[in-house]
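**Q** Just to be clear, the model below is a prediction. Sequence and coordinates:
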Amino acid sequence: MTKIKVFHKLLKPYFSKILIAGISALLVSAVPGSTVLLIKPVIDRAILEKNLNLLKVIALAVLALYFVKGVLRFLHSYLMVFVAQSVGRDLRNKIYSHLLKVELSEVEKKTSGEINALILNDVGRIEIAIPSLILLIREPFTLIGLMTSAFMMNWKLSIFAGVIIPIGLLPMVKITGILKTYGKTIQENIGRISSLINETVGGIKVIRSFLSENFMKKRFSKLNETIVKGFLRYALLQEGLSPFMELLGAIGVALVIFYGGYQVIRGETTPGSFLAFITACGLMYEPFKRLNASLTLLQHSFASYERIENLLRWKEEDEGGKLEFKGLKKGIKFEGVSFSYGEEEILKDITFEAKCGEKIAIVGQTGVGKTTLISLLLRFYREKSGRILLDGEDINKFSVSSVRRHISFVPQEPFLFDGSVIENIRTGKEDAKDEEIIEASEKADIKHLVQNQKELLVGERGEILSGGERQRVAIARALLKDASIVILDEATSSLDTETEKRIENAIKELMRGKTVFIIAHRLSTVKNADRIIVLKDGRIAEQGRYEELLRLRGEFYRIYREQIEGY
Ligand SMILES: Nc1ncnc2c1ncn2[C@@H]1O[C@H](COP(=O)(O)OP(=O)(O)O)[C@@H](O)[C@H]1O
Ligand SMILES: [Mg+2]
């Protein structure tokens, strides 16, 4: 129960509502017990003594009791749903804003499905569990009320029943535990099948093209079969044993009826007391069931909350220093920079300089670390040793957000949001006027996407656009941002030579007057660079201008030969 404390933080802002709910739940819990107490006078004094007036009064009293109970029940149920939904909203907001801030390496450890499940399923479980917190107050008191009434009616019988009935119920508790583990296995398999379906929808083209239908079908039907087997095993235990359990319970009840009836016959108690007693016992079943269900819900929610807490503990991205970077004035310097994602060093001792306004090209084979190099500038990751200097100051002295504010970045895989082309371009500058967006799209050669179909939606990850169009949207976005440093990561790799020519101007425009880092696949794109940095095995193998490097007959020349011969 100490775990209930974890809810303390979440529930604190809603304390007053919970207090009202708690009080009304307590009042509600008094009703069943009081009703039971009314049964005795109904039988013994109204019916057996033929007192019609008393009967009327009692009937009205019951009505009044249940009217009040109804109102109070509505009040606390609604309040608790309100609290639960508010807590859910708070949590979702909290997780999402945290997600936006955490360190990239943390996010990369998880799949999007896992994070999704956390925000939706786990928060959902907490939302469901919160209203049942109030049942933890209401049902025990209802039970206490009923037990008290039963005791007042017939204490001997109460003690007798209190011993006999639980003995009958004991095996049930054991079985419920086993059923729970069975149920969990079933849930896990259902989860697996749902991931498999997601995978299938996402990878349908790969599946078709590799003719993997049969393989997938086998995987699916195997899982599907496991689920059926799980359910059957569950049903066998539940349906097979529950009549037996019920019989045990019935033996207890029969003994109680027999003993109670025997007392009535002997005149030790009245028929009214006996009936009231039996009613009280009957009324105890539901609260017990609900209490048990609430405890299960709460347990699930604790596990969910633990997972959420884990995510909330993910380290946040370092915000960097206090200084505000106001745009590049002199230049950028890398001094002996090394970096590794894990054990293996990806970049080693990188030293070079980019003066303000220079165009620096970075070339090298796939996987050599080009994207990694510019990721350091964008502060996605931190250098492990060495320094990066902006205008002579260590980059770590500037706040990360101010550095990013002055970089226009066109990523290798341009990411578009599910929205319109216009909205996607606008991410470059949130308060851009429509004319600015049109201008940018014109320069990036996607005016047709913006003008003809004003609200053209790009679909999830921009999948209705071609690779080239996506990249041009990304260029338009960078143009709109108009930052003093421009990074193009193979920005033209998915464009055919024809289209590439068409947006050459756009890229020129994007680069004009800026300090540019351009990672390029095709060497033709880097011809005009002020300096080309050639990476090999994580080190700078050569640097210089295009012709110089060709004359060196080194790594650059080798890549150059490969490309010409490839064509
Ligand atoms: N987020 C990451 N976590 C771990 N390893 C990575 C990550 N990103 C890239 N790598 C690895 O670092 C190396 C360099 O990658 P990258 O910089 O993308 O190369 P390039 O852009 O030159 O093709 C590759 O071996 C790649 O597998
Ligand atoms: Mg790359």
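**A** Arrived safely. Ligands and ions are numbered 1, 2, ... in the order given.

**Q** pLDDT wise, what is Arg461 at?
**A** Per-residue pLDDT puts Arg461 at 68.

**Q** all strands for the stretch 351-500 of the chain, in order.
**A** Shown for the stretch 351-500 of the chain, the strands assigned by DSSP state E, counting those that start in this stretch span residues 359-363, 385-390, 393-394, 407-410, 485-489.

**Q** And these: which comes nearest ligand 2?
**A** Closest of the strands of the stretch 351-500 of the chain to ligand 2 is strand 485-489, at 5.9 Å (criterion: C-beta to the ion). For the C-beta atoms, the positions are set from N, CA and C on the backbone; glycine is no exception.

**Q** Adjacent strands (with direction) for the closest one?
**A** Paired strands of strand 485-489, with direction, are strand 407-410 (parallel), strand 515-519 (parallel) (DSSP bridges).

**Q** which stretches of the protein have low pLDDT?
**A** The model of the chain has pLDDT under 70 over residues 1-4, 452-454, 460-461, 493-495, 566-567.

**Q** Please go through it and pick out the longest helix.
**A** Longest helix in the chain by number of residues (criterion: DSSP state H): helix 213-265.

**Q** still on that earlier bit, dump the strands of the stretch 351-500 of the chain into CSV; add distance to ligand 1 as well.
**A** Output for the strands of the stretch 351-500 of the chain, formatted as CSV (distance: least, C-beta to the nearest ligand atom, whole Å):
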stretch, distance to ligand 1
strand 359-363, 8
strand 385-390, 16
strand 393-394, 23
strand 407-410, 14
strand 485-489, 7
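
**Q** got the contact list for Phe141?
**A** Ala25, Leu26, Ser29, Ala30 (C-beta atoms under 8 Å, 6 or more residues apart in numbering).

**Q** can you give me the angle whichever strand or helix holds it makes with helix 213-265?
**A** For Phe141, the host element (DSSP states H and E) is helix 123-153. Note on geometry: by axes from the mean of the first three to the mean of the last three C-alpha atoms, to 10 degrees, helix 123-153 and helix 213-265 are set 10 degrees apart in direction.

**Q** May I have the distance across stretch 150-157, first residue to last?
**A** Length of stretch 150-157, first residue to last, C-alpha to C-alpha, to the nearest Å: 9 Å.

**Q** Tell me the gap between that stretch and the middle of its chain.
**A** 52 Å (C-alpha atoms, centre = their mean, to the nearest Å).

**Q** picking that back up, which other helices and strands contact whichever helix or strand comes after the helix holding Phe141?
**A** Using DSSP H and E, the helix or strand that follows helix 123-153 in sequence is helix 155-202. Applying 3 or more C-beta pairs under 8 Å, 6 or more residues apart in numbering; DSSP states H and E, we find helix 155-202 packed against helix 123-153, helix 213-265, helix 271-312.

**Q** now with 7 Å?
**A** helix 213-265 (3 or more C-beta pairs under 7 Å, 6 or more residues apart in numbering; DSSP states H and E).

**Q** Please identify the helix or strand for the closest residue to Leu283 other than its chain neighbours.
**A** Excluding the flanking residues, the one nearest Leu283 by C-beta to C-beta, 6 or more residues apart in numbering is Pro32, at 5.1 Å. In the assignment (DSSP H and E), Pro32 maps to helix 15-41.

**Q** now the very next helix or strand once past that helix and helix 123-153, what's the angle there?
**A** Note on helix 15-41: by DSSP H and E, the next helix or strand toward the C-terminus is helix 52-101. Angle, helix 52-101 to helix 123-153, by the same axes, to 10 degrees: 150 degrees.

**Q** Quick one: list the elements packing against helix 52-101.
**A** When contacts are defined as 3+ C-beta pairs under 7 Å, 6+ apart, helix 52-101 sits against helix 5-11, helix 15-41, helix 123-153, helix 271-312.

**Q** now, of those helices, which is deepest in the fold?
**A** Ranked by mean neighbour count under mean count of other C-beta atoms under 10 Å, the helices and strands packed on helix 52-101 are led by helix 123-153, which reaches a mean of 20.

**Q** quick check: angle from that one to helix 155-202?
**A** Computed by the same axes, to 10 degrees, the angle between helix 123-153 and helix 155-202 is 170 degrees.

**Q** export the strands paired with strand 485-489 to a markdown table and tack on mean neighbour count?
**A** Listed next are the strands paired with strand 485-489 as a markdown table, based on neighbours: other C-beta atoms under 10 Å:
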| stretch | mean neighbour count |
| --- | --- |
| strand 407-410 | 23 |
| strand 515-519 | 25 |
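
**Q** so which of those gets nearest Leu373?
**A** If you check each of the strands paired with strand 485-489 against Leu373 by C-beta to C-beta, strand 515-519 wins as the nearest, at 8.2 Å.

**Q** residues contacting the spatially most central residue of the chain?
**A** Geometric centre of the chain, nearest residue: Ile119, 2.2 Å, by C-alpha atoms, centre = their mean. Ile119 makes contacts with Arg92, Ile95, Tyr96, as judged by C-beta atoms under 7 Å, 6 or more residues apart in numbering.

**Q** switch to 10 Å and redo it
**A** Ile119 makes contacts with Leu91, Arg92, Ile95, Tyr96, Leu99, Ile308, Leu311, as judged by C-beta atoms under 10 Å, 6 or more residues apart in numbering.

**Q** Find the closest residue to ligand 2 in the stretch 201-350 of the chain.
**A** Closest contact between the stretch 201-350 of the chain and ligand 2, by C-beta to the ion, is at Ile346 (11.5 Å).

**Q** my guess is that residue meets Glu383, correct?
**A** No - applying C-beta atoms under 10 Å, one finds Ile346 not in contact with Glu383, separated by 11.0 Å.

**Q** In contact with Glu335, which residues?
**A** Per C-beta under 10 Å, 6+ apart, neighbours of Glu335: Asp349, Ile350, Thr351, Phe352, Glu353, Glu383, Ser385, Gly386, Arg387, Ile388, Leu389, Asp394.

**Q** Now the buried members of those.
**A** Ile350, Phe352, Glu383, Gly386, Ile388, Leu389 (16 or more other C-beta atoms under 10 Å).

**Q** so when I look at the first one, I'm seeing a strand, right?
**A** I take that to be Ile350. Yes - looking at Ile350 with DSSP: H, G, I helix; E, B strand; the rest coil, it is inside a strand.

**Q** burial of Gln563, as a residue count?
**A** By the criterion of other C-beta atoms under 10 Å, Gln563 has 13 neighbours.

**Q** The nearest residue to it once chain neighbours are set aside and ligand 1, how far apart?
**A** Nearest residue to Gln563 in three dimensions, chain neighbours excluded: Leu523, at 5.7 Å (C-beta to C-beta, 6+ apart). For Leu523, the distance to ligand 1 (C-beta to the nearest ligand atom, to the nearest Å) stands at 15 Å.

**Q** Same check on Lys69?
**A** 59 Å.

**Q** My read is that that residue contacts Thr35, right?
**A** Yes - between Lys69 and Thr35 a contact is recorded at 9.3 Å, counting by C-beta under 10 Å.

**Q** Next up, the contacts around Ile164.
**A** Ile251, Gly252, Val253, Ala254, Leu255, Val256, Tyr259.

**Q** How about Met216?
**A** Counting by C-beta under 10 Å, 6+ apart, the residues that Met216 touches are Leu196, Glu199, Thr200, Gly203, Ile204, Ile207, Phe210.

**Q** filter the residues you listed to the buried ones?
**A** Buried, going by 16+ other C-beta under 10 Å: Thr200, Ile207, out of these.

**Q** Of the contacts of Met216, which pair is most distant in space?
**A** Comparing all pairs in the contacts of Met216 by C-beta to C-beta, the longest separation belongs to Leu196 and Phe210, at 16.2 Å.
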